[in-house]
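Trainee: structure here, sequence nowhere to be found:
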């Protein structure tokens, strides 16, 4: 549903709001990508979706973003691959995945039963890999959009090089842009001086949307053995610990580009979702929270609906970008 | 919907679907510190666990904690119908050792508190129907072996229970293990590194003796990695098949985070939570 349609005309896609004023419109439109609500899974936190159907209500997600897929299957990094940190966790999975062909043949048909949009996260070590992946998914009706992973901190080669160099990113995005008619989302790294600059490069090269952020590079040491707690020494930090950083970057990116932005980073509760929406994100991905609570996605959708109703909104799109900034007068009295 | 069929049995070694439930704490049984047994009331929908299966548990699930941030994996130590249950609720026991924020937050629960329990998860032990088995437990690793003992007893498989620890305190659940082993016709063989109970030394020395006498046709183990590695070497040296329940740090327990990688001999990486936690001793790259 377009946010421009009349409130209450969503055709029963969303359940009635609790205040009895009719259906609250949770749907969002991100360019050509329509979502029944703004809650998506974050890549790498929910496999390929289908295998977790018994643990959650898949159909309640606005979208499912797959684990990063490469042309050939990847075994990933040696253990240990994760460790808990205060308010989050470090991971260094190394993009273990079943490969695009197994996904298209074995998983995608099963996802057709769900109204949630399927977004494939694509990863390669060279530009040609991304192009080949984009060409492979182009004809697949069950795929709503592609998200380019140019920001994984846990693999030695590829991916991240594109996410750190505006020129390389620009070349990659235009090549992928020509290879598919699907909406192209570029997932940005926070591990750069100015994510907003990279967002501009991606947008100028034809990206339809920006998603941010990927994990923040971190490290942890076991003080008894004095060994790093990850085999790769460094890993990607996720969880509520990173949310304020994610919010700042999302806000900067929103102000730098004229396209929809999808927020990622430490979402735990409905206030986190609302903060990202108010800052200007059109949708929000939830990831690490699903590890603690596999039902967190659907419960966020429910909580978002009742919270918006409680605050008198008729449509989620009304709150997007509604941040109230300090006025000059406020600044006189710090 | 939660009522959907379990997907291709991936999280499932017993034919029951995985459930994420709120369990009620019945009691926290204090064992000699740092050990405890957490007694939980789970709804009837919560599946019966196969020996070796586990759950992911988290205290006070409604509140976000900074530490522990993730759930913790626990073997299902024991399970039984709940006395006086009105709706088919059952009683499950988790056997814990306070080693960090996750295990202590569960030890601090009070009767009536809620604990989030996801399970039963993983693939459990493959059960033999004949021959004598050695069950080799190291400290709190014994938690994975009680349901196995019960299942072996049902199949009339004789087994010895080899229980190793640094000191007597580490043999916290010895009475039950000893009784079940003896009832099966087998022996209870404890060892402590300080000599306070049983054999003075390592439990693997006790195992080596039994294997040298060709006493065992199966070995099952759970405990610290060093113990399981030593058990794997001994079993291989005596051509005795065996299985280990691995204790790898897990992010989610249900195959989503891919964090609990286990390196296999054939070069593959498998997930402890999904392909295990029970693995063939000979297939793991120790």
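Mentor: In hand now; what should we look at? Treat the numbers as computed from the prediction; the structure is a model and nothing was measured.
Trainee: what comes up buried for stretch A:115-134?
Mentor: A:116-125, A:127, A:129-131, A:133-134 (16 or more other CB atoms under 10 Å in any protein chain shown). For the C-beta atoms, the positions are set from N, CA and C on the backbone; glycine is no exception.
Trainee: and those residues, which is the shakiest by pLDDT?
Mentor: The lowest pLDDT within those belongs to residue A:125, with 88.
Trainee: around chain B, which positions in the stretch 1-150 of chain A sit nearby?
Mentor: Residues of the stretch 1-150 of chain A lying close to chain B by CB under 8 Å from any CB of the partner chain are A:44-47, A:50-55, A:57, A:67, A:75-89, A:91, A:93, A:96.
Trainee: how much space separates the closest residue in space to residue A:228 that isn't next to it in sequence from chain B?
Mentor: Computed as CB to CB, 6 or more residues apart in numbering or on different chains, the closest residue to residue A:228 that is not its neighbour in sequence is residue A:221, at 5.7 Å. Using CB to the nearest CB, to the nearest Å, residue A:221 is found at 15 Å from chain B.
Trainee: just the buried ones from the residues of the stretch 1-150 of chain A next to chain B?
Mentor: The buried subset of those (16+ other CB under 10 Å) comprises A:44-47, A:50-55, A:57, A:67, A:76-77, A:79-85, A:87-89, A:91, A:93, A:96.
Trainee: pretty sure residue A:166 contacts residue A:197?
Mentor: Yes: look at residue A:166 against residue A:197 with CB atoms under 8 Å: they come within range, at 6.2 Å.
Trainee: tell me which of those two has more neighbours.
Mentor: Of the pair residue A:166 and residue A:197, residue A:166 is the one with more neighbours under other CB atoms under 10 Å in any protein chain shown, namely 19 against 15.
Trainee: check contacts around the more buried one.
Mentor: A:197-198, A:201 (CB atoms under 8 Å, 6 or more residues apart in numbering or on different chains).
Trainee: from the buried residues of stretch A:115-134, which land in strands?
Mentor: Residues of the buried residues of stretch A:115-134 located in strands (DSSP state E): A:117-122.
Trainee: need those in CSV with distance to residue B:162, can you?
Mentor: Shown next, in CSV, are those (distance: CB to CB, whole Å):
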residue, distance to residue B:162
A:117, 55
A:118, 51
A:119, 52
A:120, 50
A:121, 47
A:122, 51
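Trainee: return the member of these nearest to residue B:73.
Mentor: residue A:121 (27.3 Å; CB to CB).
Trainee: for the nearest residue to that closest one once chain neighbours are set aside, which residues are in contact?
Mentor: Nearest non-adjacent residue to residue A:121, counting by CB to CB, 6+ apart: residue A:43, 3.8 Å away. Residues near residue A:43 by CB under 8 Å, 6+ apart: A:65-68, A:121, A:147, A:149, A:187, A:285, A:287.
Trainee: helices along the chain, start to end?
Mentor: Since no chain was named, I'll use chain A. Assigned by DSSP state H, chain A shows helices spanning A:100-102, A:108-111, A:127-138, A:160-164, A:166-179, A:195-204, A:243-256, A:270-279, A:289-292, A:296-310, A:328-332.
Trainee: please go with chain B instead
Mentor: B:101-107, B:146-154, B:174-183, B:203-212, B:225-237.
Trainee: count of neighbours near the spatially closest residue to residue A:99 that is not a sequence neighbour?
Mentor: Spatially, and ignoring its direct neighbours in sequence, residue A:99 is nearest to residue A:73 (3.9 Å; CB to CB, 6+ apart). Residue A:73 has 15 neighbours, counted by other CB under 10 Å.
Trainee: identify the residues contacting residue B:168.
Mentor: B:192, B:196-197.
Trainee: where does the stretch 51-200 of chain A dip in pLDDT?
Mentor: Scanning the stretch 51-200 of chain A for pLDDT under 70 picks out A:152-161.
Trainee: quick check: the residue of it nearest chain B.
Mentor: Nearest residue of the stretch 51-200 of chain A to chain B: residue A:82, at 3.4 Å (CB to the nearest CB).
Trainee: am I right that that residue is in contact with residue A:89?
Mentor: Yes: here residue A:82 reaches residue A:89: they are 5.8 Å apart, a contact under CB under 8 Å.
Trainee: name the nearest residue to residue A:254, sequence neighbours excluded.
Mentor: Once flanking residues are discounted, residue A:254 sits nearest to residue A:280: 3.4 Å by CB to CB, 6+ apart.
Trainee: can you spell out the domain ranges of chain B, please?
Mentor: Following automatic domain parsing, one finds the domains of chain B at B:19-121, B:133-245.
Trainee: could you give the mean pLDDT of the last one?
Mentor: For domain B:133-245, the mean pLDDT works out to 96.
Trainee: between residue A:82 and residue A:89, what contacts are shared?
Mentor: Counting by CB under 8 Å, 6+ apart, the common neighbours of residue A:82 and residue A:89 are residue B:251.
Trainee: any idea of the pLDDT on whichever residue of chain B sits closest to chain A?
Mentor: Residue nearest to chain A within chain B (CB to the nearest CB): residue B:259, separated by 3.4 Å. What the model reports as pLDDT for residue B:259 is 95.
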